[in-house]
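Enquirer: How does the following fold in three dimensions:
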Amino acid sequence: MLNVSIKRNDFLREEYYSFKHKSGLDVYVFPKKLSTAYALFATKYGSIDSKFKLKGDDDFTVVPDGIAHYLEHKLFENPNGEDTFSRFARYGASANAYTGNNMTAYLFSCTSNFKESLEILLDFVSTPYFTPETVEKEQGIIAQEIQMYDDHPFRRLYHMLLEAMYEKHNVRINVAGTVESISHITADILYECYRVFYNPSNMMLIVCGDVNVYDVSEVCDKVLREQAPAKIIREYPEERAEVYMARSEYAMQVAQPLFAIGVKDVHIPDDPHERMKKSAAYDILNDILFGKAGELYNSLYEEGLITGSFDAGYGIGESFAFNTVFSEGADPDEVFARFKACVEDAKANGLPREDFERSKRALYAAMIKWFDSTEEIANNFLQFKIDGGDLLDYADIMGAVTYEDVTKLLNEAFRDEYYSLAIVNPMETEGE
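Expert: Prediction:
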């Protein structure tokens, strides 16, 4: 008999069902009467996981950078040569996948034939097939992808910023690795990483839509086999609090400078609930200081120092966290100076309480809109759950953030030694 748990948030009037499958997989079913169903099959394995061992092993295994992303690509190949995307298309489903710093996720969306599509998802991710020939062929394809990313100004800017903030932590490394690092990937290494990280006990299945928890369980029973759980030990380099470099610049074919301000955060709570609380407080603080309703944004825009975009965001995991502000304009140094002046003014004079209340209400309303989309629900659910949190707890956490919490964060997080500025400058033309 299926042992199903139910979690509800009465204020949101939302709920989901969960159970642990006999394979060791954690399964979450979020029922929504919407036309599109969406499913995510994810593993807690991302670009930062390059040094690891299983409990009981004597030594750590060290693998080339970019292997999690490489493995994501290779899993779409089937032993019989059939194209995985064609398998989904046969049932009218659209499939994709992505690799991040701390996860890899495989997904599909559909309006019908849900059980058939779910069976394909579980089957192809659970059926690794690598040969020396296909691995070597993929190196050329991913090398082209890496070079394409290197030629993309905003992607280059983002990685410049991470490389400036972090000296040693693997979050500074491009998710896809480098052309050099992927040249060392072999079929044997891929199988070893798959064996360790694609154990169902390290994975989760998230389903959202007009679906039945017992149908999901039936498909899991059909495809997934029982496995002994894997206890994975990961090791990340120690990172100092201060940024590695305060400034980083590069020239590319852009019309005007693109720039990013980073605020490094190594004060990461051990408790997932506290990490969610810090994230909520940071979102409110970002909106107060750098949002489009704020004084800084409007003064920079009116003076022509930015073109319109001034996007702030905070990300946090178990071993890394940072805040970013991205924009473009002719004078990044002046914007950076104004950024710091805005922060210091807020520290000296205090945050306006009415701005705190306004930002909190706006962010709360935006969060509630997540529940109008199966894709938004599933992806946000995964973002929280992979870090040990819970989507339905976030509403209460956001609601409980106080003015004092945000003020304390302002004074602790924003300091000169935590700041990095990355700039992509236009290339000089002949005659200048």
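Enquirer: where's the nearest residue to W370 once chain neighbours are set aside relative to T43, distance?
Expert: Distances taken as Cβ to Cβ, 6 or more residues apart in numbering put E376 closest to W370, at 4.3 Å, once the chain neighbours are dropped. Every C-beta, even on glycine, is put in place using the N, C-alpha and C of the backbone. Separation of E376 from T43 (Cβ to Cβ, to the nearest Å) stands at 21 Å.
Enquirer: and if you look at G209?
Expert: 22 Å.
Enquirer: Repeat that for L289.
Expert: For L289, the distance to T43 (Cβ to Cβ) stands at 36 Å.
Enquirer: where does the residue nearest to K168 when sequence neighbours are not counted fall, helix, sheet strand or coil?
Expert: Closest residue to K168 apart from its sequence neighbours, by Cβ to Cβ, 6+ apart: P237 at 3.7 Å. In the three-state summary, P237 is assigned as coil, counting by DSSP: H, G, I helix; E, B strand; the rest coil.
Enquirer: repeat for A95
Expert: strand.
Enquirer: do the one 10 residues further on as well
Expert: Per three-state DSSP, the secondary structure class of A105 is strand.
Enquirer: What is the burial count for V207?
Expert: The tally of other residues near V207 (other Cβ atoms under 10 Å) stands at 28.
Enquirer: and it, what element?
Expert: Secondary structure assigned from DSSP states H and E places V207 in strand 203-209.
Enquirer: Show me how far the next helix or strand along the chain from that strand is from its chain's centre.
Expert: Next in sequence after strand 203-209, counting helices and strands by DSSP H and E, comes helix 213-223. In terms of Cα atoms, centre = their mean, to the nearest Å, the centre of helix 213-223 is found 28 Å from the chain centre.
Enquirer: ok, the residue nearest to K168 - contacts?
Expert: Contacts here follow Cβ atoms under 8 Å, 6 or more residues apart in numbering; on that basis P237 touches K168, H169, N170.
Enquirer: ranges for the helices of the stretch 1-150 of the chain?
Expert: For the stretch 1-150 of the chain, applying DSSP state H, counting those that start in this stretch gives helices covering 67-74, 84-89, 114-125, 132-150.
Enquirer: Serialize these to CSV and add fields for mean neighbour count.
Expert: Compiled in CSV, the helices of the stretch 1-150 of the chain are given as follows (neighbours: other Cβ atoms under 10 Å):
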stretch, mean neighbour count
helix 67-74, 23
helix 84-89, 16
helix 114-125, 21
helix 132-150, 14
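Enquirer: I6 contacts Y17, correct?
Expert: Yes: I6 lies in contact with Y17 (Cβ atoms under 8 Å); the separation is 5.6 Å.
Enquirer: Of the two, which one has the most company?
Expert: Just comparing I6 and Y17: by other Cβ under 10 Å the higher neighbour count belongs to Y17, 20 against 9.
Enquirer: separation between the more buried one and Y214?
Expert: For Y17 relative to Y214 (Cβ to Cβ), the value is 10 Å.
Enquirer: can you map out the helices along the stretch 301-432 of the chain?
Expert: 332-349, 353-369, 374-385, 391-400, 403-413.
Enquirer: N379 versus I185, what's the distance?
Expert: Taking Cβ to Cβ as the measure, I185 falls 28 Å from N379.
Enquirer: which of the two has more neighbours?
Expert: Between I185 and N379, counted using other Cβ under 10 Å, the more crowded position is I185 (25 against 20).
Enquirer: Can you report phi and psi for the more buried one?
Expert: Torsion angles at I185 (phi, psi; degrees, to the nearest 10) stand at phi -80, psi 130.
Enquirer: Offset the numbering so it begins at 8, please.
Expert: Okay, residue one is now 8; in that scheme the one you just asked about reads as I192.
Enquirer: hmm, back to that, so if I had to pick from E383 and T50, which one is more boxed in?
Expert: Just comparing E383 and T50: by other Cβ under 10 Å the higher neighbour count belongs to T50, 25 against 15.
Enquirer: got a list of what that one touches?
Expert: Residues in contact with T50 (Cβ under 8 Å, 6+ apart) are M110, T111, A112, F204, Y205, N209, M210.
Enquirer: Neighbour count and pLDDT for these - can I get that in a markdown table?
Expert: Output for these, formatted as a markdown table (neighbours: other Cβ atoms under 10 Å; pLDDT from 0 to 100):
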| residue | neighbour count | pLDDT |
| --- | --- | --- |
| M110 | 24 | 97 |
| T111 | 26 | 98 |
| A112 | 24 | 98 |
| F204 | 22 | 98 |
| Y205 | 19 | 98 |
| N209 | 19 | 98 |
| M210 | 24 | 98 |
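Enquirer: So which of those residues is the closest to A237?
Expert: Distance to A237, by Cβ to Cβ, is smallest for N209 among the contacts of T50, at 5.8 Å.
Enquirer: Tell me the spacing between the closest one and A194.
Expert: In this view, N209 and A194 are 21 Å apart by Cβ to Cβ.
Enquirer: Kindly report the same for C117.
Expert: From C117 to A194 the distance is 32 Å (Cβ to Cβ).
Enquirer: Check N387 too.
Expert: Distance of N387 to A194, computed by Cβ to Cβ: 35 Å.
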